[in-house]
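Engineer: Fold the following.
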Amino acid sequence: MSLDAQPRDKRGALYLVPSTLGDSDPREVLPDPVLETIRGLDGFIAEEARSARAFLRRVGLGRELTQVPIDILDEHTPMRELPRLLEPALAGRRIGLLSQAGYPAVADPGSELVALAHRHAIAVVPLVGPCSLVLALAASGLNGQRFCAHGYLPIESAARAARIRDLEARSRSHEGAQLFIEAPYRNNQLLAALLETCAADTRLCLATELTLPSESVRTLTVAAWRVATPDLNRRPTVFVLQAGALSAAGEKRLSAPTPRRSRRRSGAKSARSGSRGV
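Structural biologist: Numbers count the residues shown, from 1 in each chain. Modelled structure (predicted):
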């Protein structure tokens, strides 16, 4: 079927379906309306069928998983296959693009499929759910106004060190946070390269096993991480780097005592804030 063959008002939709960041209960990170929407979808596009079925089983689909179509979209899927993946939506069905962990099309396959859906007037519906990059950045204390995500860094040591130096230089010149990830079994090698390559006052956040009971998020200088280096082996981690120490003004503000306010003035301020909805 041609992507343009179906009238626009008869087309279905492509839902962006976030999954858990580990084998946890989806109800812990996904709102009930999102779970109900997932249960009602007609089929799914996923990176890997087995992990997709495991997630859908935990969601409680209410029907046999063997009856649920799951097409595969991964890094090896040729571009010529993308129109076929959207054919169910052209036939009026609601299909879900399901991430293997976290949010689809963000540091994850799927952006080309989403772009194709937009080009052919298929509605794209993002569902609320966890995104490890956003969670890590928000919790890092680094620059959430100016940042860049880079996916995976090179594996070869010389190329990786060169890339780290480049990201640190970018961060220093633009005062921005730099985010990247690694295959969990190579986390320790990447951390060692960061601690060897970066300046001592560069701040580094290690956001590990987000949303899980073992979650850990901590931001220290590279110098501090060199003294107490954690073991990140096989623990999914987002790395957030920002060059330069906290400014002297920032340190002063953090260490300064909070000014005392009179009760009357504090109350007046609260009332004024409330009137603005802040």
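Engineer: Show me the strands in the stretch 51-200 of the chain, by range?
Structural biologist: Assigned by DSSP state E, counting those that start in this stretch, the strands in the stretch 51-200 of the chain fall at 70-72, 94-98, 123-126, 147-152, 177-181.
Engineer: Send over the fourth one as CSV, restricted to the C-alpha atoms.
Structural biologist: Right, the one you point to is strand 147-152. Provided in CSV are the C-alpha atoms of strand 147-152 (Å, rounded to 0.1, in the frame of the first residue of the first chain):
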residue,chain,number,x,y,z
PHE,A,147,22.9,21.0,26.9
CYS,A,148,23.6,18.4,24.2
ALA,A,149,23.1,14.7,24.1
HIS,A,150,25.7,12.6,22.0
GLY,A,151,24.6,9.0,22.4
TYR,A,152,27.6,6.6,22.4
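Engineer: what's the burial count for Ala101?
Structural biologist: Counted with other CB atoms under 10 Å, the neighbours of Ala101 add up to 18. No exception for glycine: its C-beta is placed from N, CA and C like everyone else's.
Engineer: Would you check how far apart it and Pro69 are?
Structural biologist: Here Ala101 is placed at a distance of 21 Å from Pro69 (CB to CB, to the nearest Å).
Engineer: go on, Leu220?
Structural biologist: Here Leu220 is placed at a distance of 47 Å from Pro69 (CB to CB).
Engineer: same check, this time on Arg57
Structural biologist: 16 Å.
Engineer: now Ile38
Structural biologist: From Ile38 across to Pro69, the span is 14 Å (CB to CB).
Engineer: These two: which is more packed in?
Structural biologist: Ile38 (24 against 11).
Engineer: nearest spatial neighbour of Gly40, skipping sequence neighbours?
Structural biologist: Distances taken as CB to CB, 6 or more residues apart in numbering put Arg94 closest to Gly40, at 7.2 Å, once the chain neighbours are dropped.
Engineer: residues of stretch 15-24 that come out buried?
Structural biologist: Buried residues in stretch 15-24, counted by 16 or more other CB atoms under 10 Å: Tyr15, Leu16, Val17, Pro18, Ser19, Thr20, Leu21.
Engineer: Count the neighbours of Lys216 for me.
Structural biologist: I think there's a mix-up here, since residue 216 is Ser and not Lys. Ser216 has 14 neighbours, counted by other CB under 10 Å.
Engineer: give me every residue that touches it.
Structural biologist: Ser216 sits next to Leu206, Ala207, Thr208, Glu209, Pro230 when contact means CB atoms under 8 Å, 6 or more residues apart in numbering.
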